[in-house]
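[1] How does the following fold in three dimensions:
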Amino acid sequence: MDSDCLIKLVKAGAKEAVVAAMDVFIPPAVKRETVEEAKKRGYQDAAIIEENIAAGKIELAKPRTASLRDMMLTKGEGEVFSLYQRGGYDVIASDDDKFLRKLHLSNIPFLTPAACIVYVARNRGIEKSTAVEMLERLSQYVSRDEYMTARYAVEERA
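    Below is the predicted model:
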């Protein structure tokens, strides 16, 4: 999971449900961005993420040495991509448009923060109303299309 996705899930109040439903791995660069740098800037999200790392709900994973292809990405995205390339991961979770386009063109499966909420709502038993509330809080950070698609997917589940 990259920094964009992790931070948006925290802001939406969905991170706890997501980390309970999925194995979430982040590389060192994402920890630096979401915890160390965020603490210096006074972001309260940093403490929440740090607690989850300490409790093992979010796992740190060391990426392989970056390849030339990885260098076209930001530090955090490059490490996330390297982790995926190493193997053993099902998807990459991100909300960065440029990164998502690269993943799509490379046929690499990905989830956005809204898709993570839909997954948890459909597969891990959170109430539909809870998922809708999370999506409402997330709506200010994602496109209207993404929000509406995710909301429809949550509300239409059987």
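[2] Kindly provide the distance from the closest residue to S3 other than its chain neighbours to E146.
    Spatially, and ignoring its direct neighbours in sequence, S3 is nearest to E33 (4.3 Å; CB to CB, 6 or more residues apart in numbering). The way it works is simple: take the backbone N, C-alpha and C, and place the C-beta from them, glycine included. Applying CB to CB, to the nearest Å, the value for E33 to E146 is 22 Å.
[3] who has more neighbours, those two?
    E33 (21 against 18; other CB atoms under 10 Å).
[4] I'd assumed G76 was in contact with the more buried one.
    Yes: E33 is in contact with G76 according to CB atoms under 8 Å; the separation is 5.4 Å.
[5] what residues do the two have in common as contacts?
    Counting by CB atoms under 8 Å, 6 or more residues apart in numbering, the contacts common to E33 and G76 are S3.
[6] Tell me which stretches of the chain form strands.
    Listed in chain order, the strands found in the chain under DSSP state E are 24-26, 58-60, 92-93, 110-111.
[7] can you redo the ones you listed as CSV with distance to K8 and mean neighbour count?
    Converted to CSV, the strands of the chain look like this (distance: least, CB to CB, whole Å; neighbours: other CB atoms under 10 Å):
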stretch, distance to K8, mean neighbour count
strand 24-26, 13, 22
strand 58-60, 15, 16
strand 92-93, 10, 22
strand 110-111, 12, 20
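[8] Now these in TSV, please, with extra columns for distance to T130.
    TSV is the format used below for the strands of the chain (distance: least, CB to CB, whole Å):
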stretch	distance to T130
strand 24-26	19
strand 58-60	21
strand 92-93	20
strand 110-111	18
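[9] okay if I get those as a markdown table plus distance to I49 and mean pLDDT?
    Formatted as a markdown table, the strands of the chain follow (distance: least, CB to CB, whole Å; pLDDT from 0 to 100):
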| stretch | distance to I49 | mean pLDDT |
| --- | --- | --- |
| strand 24-26 | 9 | 95 |
| strand 58-60 | 7 | 95 |
| strand 92-93 | 14 | 96 |
| strand 110-111 | 18 | 96 |
